[in-house]
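J.: Here's my sequence, what's the structure:
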Amino acid sequence: MKLNRRDAAALVAKPPTDKLGVLLYGGDAMRVALKRQEYLKALLGPAAEEEMRLARIPAGDLRREPALLMDAIKAVGFFPGPRAAFVEGATEQVAQTVLETMNDWQPGDAQIVITAGDLKKTSKLLKAFEGHRAAYAWGIYDDPPDRAEIERLLVAAGLKAEGPVMGGLEELARTLDPGDFRQTLEKLSLYMLSAQGAALTLDDITACAPASTEADVDDILNIVAEKKATQIGPLMRRLQSQGTNAVTLSIMATRHFRTLHRIACNPAAPVYGVRDRDRVMRQARDWGMIKLEAALGMLTDTDLKLRSAGQTAPAMAIMERTFIRLAMFGAS
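T.: Down below sits the predicted model:
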């Protein structure tokens, strides 16, 4: 059974204990890991590992010893409660083992939880979980958490947000990686301990929101946004010598231009996760909403090209060319 976003939220809110299991997959390993942690905690409770109700099986171990998964789902522990066998980093090399185990699964066995990277539509794993009535296939994409998910995270962190503060948190969630957003909520939870249950304010969020990324990455993003095409090449070479990844630059550039686009659409909205608010406000005004939409389209095309399996051109060269195109487009 294939899950959409609403179904996935309902699954985490109240996981059924009588199902065969769930496959979580996606290109961002951090997002997949966070969703998997959330799901297993909701399914098994916080003490599952201490009570030996959770068996962890790396995909490499399963490839060498295919019987591990079957043994894990059939094993009966000393403690009552739901059980799960978790296979981490599954690939098509273990697909047949997983499929055979699914065929032998019976009600009362441990639930099978699988994580994987990007899967093609032809993937045996994906087809098996999508086509099984008692199993779920959950694609984890780069979309920021929606309001319902943020509200659930707030409850877990013991926080309350109302009115424009919730809007501020939604803005922050669009700006940060999922892990950074959760860490910010944890920081806010500690920050609010002395407030004795008071609701969050925008000032509280500003005080706990992280600064932006490394200075060199900030520099290249500002150079592109300020249309200084001649300065891009030297800084890109410096970033490359430091080991900066082209996909990382693509993600950060998309995030920066999304921030500019949101400011251009609503200049009065709060802005988080940037070190120089006045600077990004100027950039947003200078580009304008129409050009920023076109810029985001260019960045999306570049990101798809960088992640394409058939791509042969050097990734950093592709990224540098896109940055130069953006700067020249913005100046036109």
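J.: Name the residues of the helix or strand Met328 falls within that are buried.
T.: Take DSSP states H and E as the rule and Met328 turns out to sit in helix 315-331. Within helix 315-331, the residues that qualify as buried are 315-316, 318-320, 322-324, 326-327, 330, counting by 16 or more other CB atoms under 10 Å. Where you see a C-beta, it was placed from the backbone N, CA and C, and this is true even at glycine.
J.: now, which of the residues you listed sits nearest Phe181?
T.: Closest approach between the buried residues of helix 315-331 and Phe181, by CB to CB: Met319, at 25.1 Å.
J.: what about the closest residue in space to the closest one that isn't next to it in sequence, neighbour count?
T.: Leaving out its chain neighbours, the residue that sits closest to Met319 by CB to CB, 6 or more residues apart in numbering is Ala246, at 4.4 Å. If you count neighbours by other CB atoms under 10 Å, Ala246 ends up with 21.
J.: Check the one 5 residues further on too.
T.: Using other CB under 10 Å as the criterion, Ile251 is surrounded by 17 other residues.
J.: pull the longest helix from this protein.
T.: helix 277-307 (DSSP state H).
J.: now that one, how far from the centre of its chain.
T.: 21 Å (CA atoms, centre = their mean, to the nearest Å).
J.: between that helix and helix 315-331, how big is the angle?
T.: 130 degrees (axes from the mean of the first three to the mean of the last three CA atoms, to 10 degrees).
J.: From the contact counts, what lies against helix 277-307?
T.: helix 215-225, helix 246-265, helix 315-331 (3 or more CB pairs under 8 Å, 6 or more residues apart in numbering; DSSP states H and E).
J.: any chance of those in a markdown table, plus mean pLDDT and distance to Ala59?
T.: A markdown table is the format used below for the helices and strands packed on helix 277-307 (pLDDT from 0 to 100; distance: least, CB to CB, whole Å):
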| stretch | mean pLDDT | distance to Ala59 |
| --- | --- | --- |
| helix 215-225 | 85 | 32 |
| helix 246-265 | 89 | 23 |
| helix 315-331 | 93 | 26 |
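J.: Of those helices, which is nearest Lys160?
T.: Judged by CB to CB, the one of the helices and strands packed on helix 277-307 that comes nearest to Lys160 is helix 246-265, at 24.7 Å.
J.: and the closest one, what does it pack onto?
T.: helix 164-175, helix 215-225, helix 277-307, helix 315-331.
J.: rerun at 10 Å
T.: Here helix 246-265 touches helix 164-175, helix 215-225, helix 232-241, helix 277-307, helix 315-331, going by 3 or more CB pairs under 10 Å, 6 or more residues apart in numbering; DSSP states H and E.
J.: Save these as TSV, and put in distance to Gly21 too.
T.: As requested, the helices and strands packed on helix 246-265 are arranged in TSV below (distance: least, CB to CB, whole Å):
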stretch	distance to Gly21
helix 164-175	28
helix 215-225	39
helix 232-241	42
helix 277-307	28
helix 315-331	36
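J.: quick one: which of the ones you listed is nearest Ala198?
T.: Per CB to CB, nearest to Ala198 of the helices and strands packed on helix 246-265: helix 164-175, 11.3 Å.
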